[in-house]
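Engineer: Take this sequence and fold it.
(one chain, ligands or ions: 1)
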Amino acid sequence: MFCTNCGKEINENAYVCPGCGALVQPKSTSAPENGAKKTNVLAIVGFVLSFLFPIAGLICSIIGHRNAAQYQDQYKSLALAGIIISAVALALSLLAVVLGLLWVYGILGIIASVSGV
Ligand SMILES: [Zn+2]
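Structural biologist: Numbering: from 1, shown residues only. Here you go, the predicted structure:
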């Protein structure tokens, strides 16, 4: 960066210009620049969780997807992938539970018919 008073090149973190001694304004943290440095953590966490804990992954991915606009759409597609993966994983686990229950009821039915109850 350059001194606004004398134009001499100075250190980014300097508060006082070494050339003229003028107070240097710290680099202004403009909103878009600041936003670019932030990471859409929820999108990443949601994507990872979608494999391990689909319900938590789904929630994090939805929030991460909604918040993506605040991060210049960073990881928006990753969050979308997290939503899809966790939704599929949830559907599969629900299917497994239903099939498991049907299987248990089927076994119980066979036992009942064999024992003549
Ligand atoms: Zn200066």
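
Engineer: can we go C-alpha only for contacts and neighbour counts from here?
Structural biologist: OK.

Engineer: Which strand or helix spans the residue nearest the centre of the chain?
Structural biologist: Central residue of the chain (C-alpha atoms, centre = their mean): Ala43, 1.6 Å from the mean position. Element membership for Ala43 (DSSP states H and E) is helix 41-52.

Engineer: May I see the buried residues of the helix or strand following that helix?
Structural biologist: Next along the chain after helix 41-52, taking DSSP H and E as the criterion, comes helix 54-67. Buried residues in helix 54-67, counted by 16 or more other C-alpha atoms under 10 Å: 54-65, 67.

Engineer: would you turn the residues you listed into a markdown table with distance to Asn5?
Structural biologist: Shown next, in a markdown table, are the buried residues of helix 54-67 (distance: C-alpha to C-alpha, whole Å):
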| residue | distance to Asn5 |
| --- | --- |
| Pro54 | 57 |
| Ile55 | 57 |
| Ala56 | 54 |
| Gly57 | 52 |
| Leu58 | 53 |
| Ile59 | 51 |
| Cys60 | 48 |
| Ser61 | 48 |
| Ile62 | 48 |
| Ile63 | 46 |
| Gly64 | 43 |
| His65 | 44 |
| Asn67 | 40 |
